[in-house]
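Student: Fold the following.
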Amino acid sequence: MYHNILVPVSFDKERDVSAPMKLAQLLATPNAQVTLLHVVEHIPDYAISYMPVDYLREARQAVEAELAEMAAKLPNAKAVVIEGHSGRSILDWAETNRPDLIIIASHRPGMGDLLLGSTAAQVVRHAQCAVHVVR
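Tutor: Below you'll find the model as predicted:
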């Protein structure tokens with residue numbers, strides 16, 4: 001049983017967000033803190049000029065609202081939205097906040113993942129705590 005669980009959440013279509021949340025409930029102690037974390041990737045400067053003025057602010061608000069709604073379904077859960085590169089930012093957050101378990105969803109790896117590595121693979125390789133990968 002775990003006391004401080006981190007669940008990185010990706011809103012990609014191929015990711016199943018419900019499975020990691022269910023697993024967090026199963027593995028959590030009765031008073032465990034569960035953090036749902038979403039990393040907003042930086043948009044390259046050349047691309048920002050083609051976006052509406054309020055796009056970034058509105059997109060972040062939408063993500064925060066959806067994540068908060070998901071967190072409300074779990075006892076002692078909170079939603080956190082940060083910016084950066086997914087894998088590195090998850091690891092940095094975990095190093096600072098010291099979860100004892102990270103539950104991360106992963107898609108079925110393709111050839112590109114063998115060469116480049118996925119976010120889940122990076123977290124598994126470098127996390128300082130237990131990592132459970134859900135497919």
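
Student: so Ile103, which of the three states?
Tutor: strand (DSSP: H, G, I helix; E, B strand; the rest coil).

Student: Tell me what it is bridged to.
Tutor: Judged by DSSP bridges, the bridge partners of Ile103 are His132.

Student: Make sure it is actually in contact with Val134.
Tutor: Yes: between Ile103 and Val134 a contact is recorded at 6.4 Å, counting by CB atoms under 8 Å. In short, each C-beta sits where N, CA and C put it, glycine included.

Student: Which of the two has more residues huddled nearby?
Tutor: Set Ile103 next to Val134 and count neighbours by other CB atoms under 10 Å: Ile103 wins out with 25 against 19.

Student: ranges for the helices of this protein?
Tutor: Here the chain has its helices, by DSSP state H, at 18-27, 45-48, 55-71, 86-97, 111-116, 119-126.

Student: thinking again about what came up before, residues bridging contact with Ile103 and Val134, i.e. touching both?
Tutor: Here Ile103 and Val134 share the contacting residues 20, 23, scored by CB atoms under 8 Å, 6 or more residues apart in numbering.

Student: Distance of Ala75 relative to Thr35?
Tutor: No Ala there; residue 75 is Pro. 13 Å (CB to CB, to the nearest Å).

Student: typo on my end, Thr29
Tutor: To Thr35, Thr29 is 15 Å away according to CB to CB.

Student: Name the residue in these two with the higher neighbour count.
Tutor: Under the criterion of other CB under 10 Å, the comparison of Thr29 against Thr35 puts Thr35 first, with 22 against 13.

Student: Leaving out the residues flanking it, which one is nearest to that one?
Tutor: Residue nearest to Thr35 in three dimensions, not counting chain neighbours: Leu6, with 5.2 Å by CB to CB, 6 or more residues apart in numbering.

Student: Any idea what that neighbour is bridged to?
Tutor: On the basis of DSSP bridges, Leu6 is bridged to Thr35, Ile102.

Student: Noted, bye for now.
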